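**Student:** Just need the structure, nothing else, for what follows:
(chains A, B, C and D)
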Protein chains: 2
Amino acid sequence: MGKCGGRWMTLFRGRFLHSVDSKGRVAIPQRFREAMGGEEDLRLVMTVDPEGCLVVYPEPAWVELERKWQELPQMNEDLKTYLRFMVGWASDGGLDRQGRILVPPPLREYAGLEHEVWFIGLLHKFEIWNGERLGMATGPEKVRAVTQKLSGLF
Amino acid sequence: MGKCGGRWMTLFRGRFLHSVDSKGRVAIPQRFREAMGGEEDLRLVMTVDPEGCLVVYPEPAWVELERKWQELPQMNEDLKTYLRFMVGWASDGGLDRQGRILVPPPLREYAGLEHEVWFIGLLHKFEIWNGERLGMATGPEKVRAVTQKLSGLF
DNA sequence: TGGCAAGTGGGGAAATGTGGGGGAAGGTGG
DNA sequence: CCACCTTCCCCCACATTTCCCCACTTGCCA
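**Tutor:** From the prediction side, this is the model:
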């Protein structure tokens, strides 16, 4: 809900299982809608993650990211590759009156979304996963391994 | 939509699959037209990118680039090579009333465009890709590698 | 068990992309 | 200078997608 000390406060937590209907629509979990302030004209930006899922930002948070990217050296080839990916896949849209978004076919296909999907809250953003892929990417074993390497950070 | 703090605000995002018709015309995605302000007398400048795709700027943004190039040391051989490429391939044109542009045959051939093409939004410009080439240039594996190297930038 | 809240499904209007015919404009060769 | 040809652009018509609205089901709580 707006800024606080220069940082966005919308915080997403938890996991929710929802379904994609035949038109490619998915209902955003009510908790997440609340976290964004429950406003009427609520817009989201959705893009892909290299891990194989979708990432969703409230539009203001995404615009902030874009602003930062614009200030970087535009000739850098690695940056161009990165932006072709992040920005090139981005899709913005609003919610319908039932709180659903339409996931465009390319994104749906990229993330392997059909029938059932998991919403995963991730602080200032959230992700949408195919169930199987989610299991592969975030099993306890994998996390145990990763935790070791993180110990220096916090 | 116009200037803001000396910087153009037209921001393109997302990817759209369109087709090139038998006359060499391609429809610009409606989202991109909106981003440029939906004006009537809307002009674009199209050129090539070393990666093998086309790059398209709204004319004002392109003019701005040309202005910067003129201020650089004209004796520099590397700059000359670069400009022969960017400026030498450039083609300006307007949209027809259906929002389509005509891609000149040399550019079409350079980028390998036929039948289906992808539009990729890239902040202040957008690109037009042959589908296969796009996959090669921005697959998830490549992006993961690149992200590592970029971590110093942001 | 009634009522509300949340998620699901589907119909219909509007917006968007696609394809093709015909006329104007511009370049080329006689 | 004129006739021809090509290229480009404007128009209309069609198919598909997207978005907006209303109604149903399910689960939770009083």
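**Student:** hey, where'd the helices end up in chain A?
**Tutor:** A:30-35, A:59-70, A:77-86, A:105-110, A:131-137, A:140-150 (DSSP state H).
**Student:** Let me see the mean pLDDT of the first one.
**Tutor:** Confidence over helix A:30-35 (mean pLDDT, whole number) is 90.
**Student:** Could I get the buried residue list for it?
**Tutor:** A:32, A:35 (16 or more other C-beta atoms under 10 Å in any protein chain shown). Where C-beta positions appear, they are placed from N, C-alpha and C, glycine not excepted.
**Student:** Now do the contacts for residue A:123.
**Tutor:** With contact set as C-beta atoms under 8 Å, 6 or more residues apart in numbering or on different chains, residue A:123 has these partners: A:11, A:12.
**Student:** related to what we said a few turns ago, DNA strand C: which of the helices of chain A is closest?
**Tutor:** Proximity to DNA strand C (C-beta to the nearest atom of the strand) singles out helix A:30-35 among the helices of chain A, at 3.7 Å.
**Student:** Need the winner for burial among the helices of chain A.
**Tutor:** helix A:77-86 (a mean of 20; mean count of other C-beta atoms under 10 Å in any protein chain shown).
**Student:** Contacts for stretch A:136-147 next, please.
**Tutor:** A:51, A:52, A:53, A:129.
**Student:** near chain B too, which of the residues you listed?
**Tutor:** Applying C-beta under 8 Å from any C-beta of the partner chain to those, one finds that A:51, A:52 fall near chain B.
**Student:** Redo the contacts of stretch A:136-147 as a markdown table? Include distance to residue B:104, pLDDT and neighbour count.
**Tutor:** As requested, the contacts of stretch A:136-147 are exported to a markdown table (distance: C-beta to C-beta, whole Å; pLDDT from 0 to 100; neighbours: other C-beta atoms under 10 Å in any protein chain shown):
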| residue | distance to residue B:104 | pLDDT | neighbour count |
| --- | --- | --- | --- |
| A:51 | 40 | 93 | 16 |
| A:52 | 38 | 94 | 16 |
| A:53 | 40 | 95 | 22 |
| A:129 | 44 | 95 | 24 |
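**Student:** count of residues packed around residue A:27?
**Tutor:** Per other C-beta atoms under 10 Å in any protein chain shown, the neighbour tally for residue A:27 reads 19.
**Student:** And it, how far from DNA strand C?
**Tutor:** 4 Å (C-beta to the nearest atom of the strand, to the nearest Å).
**Student:** where does chain A have low pLDDT?
**Tutor:** Within chain A, the segments meeting pLDDT under 70 span A:1-10, A:38-40.
**Student:** for DNA strand C, what are the nearby residues on chain A?
**Tutor:** A:16, A:18-19, A:21-23, A:26-30, A:98-100 (C-beta under 7 Å from any atom of the strand).
**Student:** Which one of the residues you listed sits in the busiest neighbourhood?
**Tutor:** Most surrounded of these: other C-beta under 10 Å gives residue A:28, at 22 neighbours.
**Student:** Now do the contacts for the closest residue to it other than its chain neighbours.
**Tutor:** Using C-beta to C-beta, 6 or more residues apart in numbering or on different chains and skipping the chain neighbours, the partner closest in space to residue A:28 is residue A:99 (5.4 Å). Taking C-beta under 8 Å, 6+ apart as the criterion, residue A:99 is in contact with A:27, A:28, A:30, A:33.
**Student:** if I look at residue A:99, how far off is DNA strand D?
**Tutor:** Using C-beta to the nearest atom of the strand, we find residue A:99 at a distance of 10 Å from DNA strand D.
**Student:** can you give me phi and psi for that residue?
**Tutor:** Taking degrees, to the nearest 10, you get phi 80, psi 30 for the backbone angles of residue A:99.
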